[in-house]
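Asks: Model the following, please.
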Amino acid sequence: MQTQKKIAETDDIFEYVHTANRIADETEGVIRISIDTKATINVGPFSRGGYSRHGVNACDHDFNPDTVLKPFGIFIPAVDENHFYFTESNATADFMIDALEDLWPSIKARFNPHTIAVNADNGPENNSRRSQFMKRLVEFAKKHEVGISLIYYPPYHSKYNPIERVWGVLENHWKGQLLDSVEKVVGLAKTMKYNGKNPVVKLIGGTYEKGVKLTQKAMQQLEKMIERVTGIEKWAVDIPWY
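Replies: Numbers count the residues shown, from 1 in each chain. Coordinates of the predicted model:
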């Protein structure tokens, strides 16, 4: 069996993740969420798994899709609740934080947290060195007067991020279906069940431009507003709101 890749900090990161997750789950006023994007969905009469449940002819290759959808998910482990957001634009840092903004009133009303603990992978759009992502999170924290604790899983170990199990259930749910319209994708996502619960699914309009970032000077100022854990600075970050 092939040995899973590791970096020098892997063990330290995992130790931090396990401790931080446990403390988050046991501390009143802290709500933990797990976030992640899923692979782009080509919308059109394309084969998925080599067959269709309904006997509809499918194309063998994903040529010239009618459109594409980029999914982003927010999973709340404490209540086994999923929220899926889709865009026909780009799954950028701004798209992700706009989704969190959309979900915030519900989180605030039900849990009234003083801190949000965020499990994530260190992906290109949501890693802690991504200036636009960090800028939007700092703004979010100050606007809503809520602390944010970023708890990243180590490289090559993204499968441990809780929402990854949710994506697996979704893929099995619509395997064999022809995702030939936006309405079909959104409708099928709504009928998926994870531990007996259907997700809340929304399509976000608008355009999200790639490559939005701060200047080096602006990022240096932003760094003064966040706290990084020594030794695993990229994978453990706290954002106070005050």
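Asks: and the longest strand for this structure?
Replies: For the chain, the strand with the greatest residue count under DSSP state E is strand 67-76.
Asks: Can you tell me the closest non-neighbouring residue to Gly85?
Replies: Not quite, residue 85 is Tyr, not Gly. Once flanking residues are discounted, Tyr85 sits nearest to Ala99: 4.1 Å by Cβ to Cβ, 6 or more residues apart in numbering. Placement of C-beta: from N, CA and C, glycine included.
Asks: residues contacting that neighbour?
Replies: Applying Cβ atoms under 8 Å, 6 or more residues apart in numbering to Ala99 gives the contacts 72, 74, 83, 85, 202, 204.
Asks: now the residues you listed as a markdown table including neighbour count and distance to Thr19?
Replies: Below are the contacts of Ala99 laid out as a markdown table (neighbours: other Cβ atoms under 10 Å; distance: Cβ to Cβ, whole Å):
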| residue | neighbour count | distance to Thr19 |
| --- | --- | --- |
| Phe72 | 24 | 27 |
| Ile74 | 24 | 23 |
| His83 | 21 | 26 |
| Tyr85 | 23 | 30 |
| Lys202 | 15 | 33 |
| Ile204 | 16 | 34 |
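Asks: wait, which of those is closest to Asn119?
Replies: The closest of these to Asn119 turns out to be Ile74 (Cβ to Cβ; 10.4 Å).
Asks: and the closest residue to Ile239 other than its chain neighbours, how many neighbours does it have?
Replies: Once flanking residues are discounted, Ile239 sits nearest to Ile148: 4.2 Å by Cβ to Cβ, 6+ apart. Close neighbours of Ile148, defined as other Cβ atoms under 10 Å, add up to 21.
Asks: so which helix or strand takes in Ile148?
Replies: Per DSSP states H and E: Ile148 is located in strand 147-152.
Asks: For that strand, which helices and strands make contact with it?
Replies: Helices and strands touching strand 147-152, as assessed by 3 or more Cβ pairs under 8 Å, 6 or more residues apart in numbering; DSSP states H and E, comprise helix 10-26, strand 115-120, helix 131-144, strand 236-239.
Asks: could you give the angle of that strand to helix 10-26?
Replies: Computed with axes from the mean of the first three to the mean of the last three Cα atoms, to 10 degrees, the direction of strand 147-152 lies at 140 degrees from that of helix 10-26.
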